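Novice: Quick one: sequence and predicted model below, then my questions.
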Amino acid sequence: MSPAAVMAVGEPQSQPAQGDARVQPSAMEPKARLYRRMALDMACTAALGLAVLLVNVLARPYRRGFFCDDDSIGYPYKARVQVSDTVVAVVGLLLPPLVVLATEATRRGWSARGDAELLGWRPPLWLCRLYCVAGVFVVGAAFSQLVVDSAKYLVGRLRPHFLDVCQPTHVCSGHEYVVDYTCSGPDAAVIEEARLSFPSGHAALSFYAAVFTVMYLQAEVTWTGSLVLKHSLQAALVILAWYTALSRVTDHMHHWSDVLAGGCIGSLAAVLAVVFMSDLSGRRRTRGGQELTALLSKPSSVYVPAARAEHALP
């Protein structure tokens, strides 16, 4: 059964009555739907980013007490850490899209264009794929960060260097649990940050980026020139994330359980993004992986993915 016949399944084929002013679906209708979809996707992504921003600007960490003999929060504060916030943000958010860009441009070429038109412009195929894959990556990263930041402020776990930066005025004795205390440390911002230990944001972002990129390479890179090159790159990404996570423990920024939780959150977010939001797992793949191009080039207002049309699925 042809794709055209599949698209017609279940739809009445009645002819318009004499004098009926209605017109047949035009080739512009699938484009209009795509524009609406892109606008909605961008609006949702912006809303997620705004939610993350509001949590960090408006929320205040839960004020947790501490035991006087708790050695796990008595480590010295390190002003310089091995992996800074800027480094993990830049590498974690830019490396995966750059890998996608390099892979798609190598596979399809910089100048190859499909039949699709977007506002009168025919975008190159690599740009279509970059939009689809990197867009999913950004949305998944925003979800992961929102979960991490919300947990940080709700739990308010004290960092390993809390006592060093807080310098509480309360005179401790034995196993006393102190709730009513005042911090005499000079830097209020560092003291507030010392209440945001669980979970580790560095571990979450680094493992999210690593797992997402590993799954992308596994699905899209099919070069047979080497048996180990692709897997070596995948291993390097995981090791880089592992190093970032461990550095947070050795720098006295997190407890080991904070890092474990952050890594699990990031890894789970990456798996969910790839499986349920992208076409990398094959669940939503169209011919050639070009969902954007396929939708734009369909002449009918009824869009049926090629994978479903080939199997005569409604």
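Specialist: Great, that's in hand.
Novice: For the stretch 1-150 of the chain, which segments are assigned as strands?
Specialist: Assigned by DSSP state E, counting those that start in this stretch, the strands in the stretch 1-150 of the chain fall at 66-67.
Novice: which stretches of it have low pLDDT?
Specialist: By pLDDT under 70, the weakly predicted segments of the stretch 1-150 of the chain are 1-30, 114-116.
Novice: repeat for the stretch 201-314 of the chain
Specialist: In the stretch 201-314 of the chain (pLDDT under 70), the answer is 281-314.
Novice: separation between Val99 and Cys44?
Specialist: 24 Å (Cβ to Cβ, to the nearest Å). For every residue, glycine as well, the C-beta is placed using N, CA and C.
Novice: more neighbours, the two?
Specialist: Val99 (21 against 12; other Cβ atoms under 10 Å).
Novice: Cys264 versus the nearest residue to that one once chain neighbours are set aside, what's the distance?
Specialist: Distances taken as Cβ to Cβ, 6 or more residues apart in numbering place Thr213 nearest to Val99, at 5.5 Å, with adjacent residues excluded. Counting by Cβ to Cβ, the gap from Thr213 to Cys264 is 18 Å.
Novice: ok, the two, which is more surrounded?
Specialist: Using other Cβ under 10 Å, the more surrounded residue of Thr213 and Cys264 is Thr213, with 24 against 14.
Novice: Do I have it right that the more buried one meets Leu93?
Specialist: No: using Cβ atoms under 8 Å, Thr213 is not in contact with Leu93; the gap is 11.7 Å.
Novice: for the nearest residue to Leu93 once chain neighbours are set aside, what are its contacts?
Specialist: The spatial neighbour of Leu93 that comes closest, neighbours along the chain excluded (Cβ to Cβ, 6+ apart), is Ala141 at 6.6 Å. Ala141 sits next to Gly92, Leu93, Leu205, Tyr208, Ala209, Ala269 when contact means Cβ atoms under 8 Å, 6 or more residues apart in numbering.
Novice: now Ala141: how far from Lys78?
Specialist: Between Ala141 and Lys78 the computed distance is 27 Å (Cβ to Cβ).
Novice: What are the boundaries of the helices in the stretch 151-300 of the chain?
Specialist: Ranges of helices in the stretch 151-300 of the chain, per DSSP state H, counting those that start in this stretch, are 162-166, 188-193, 201-220, 229-250, 256-272, 291-297.
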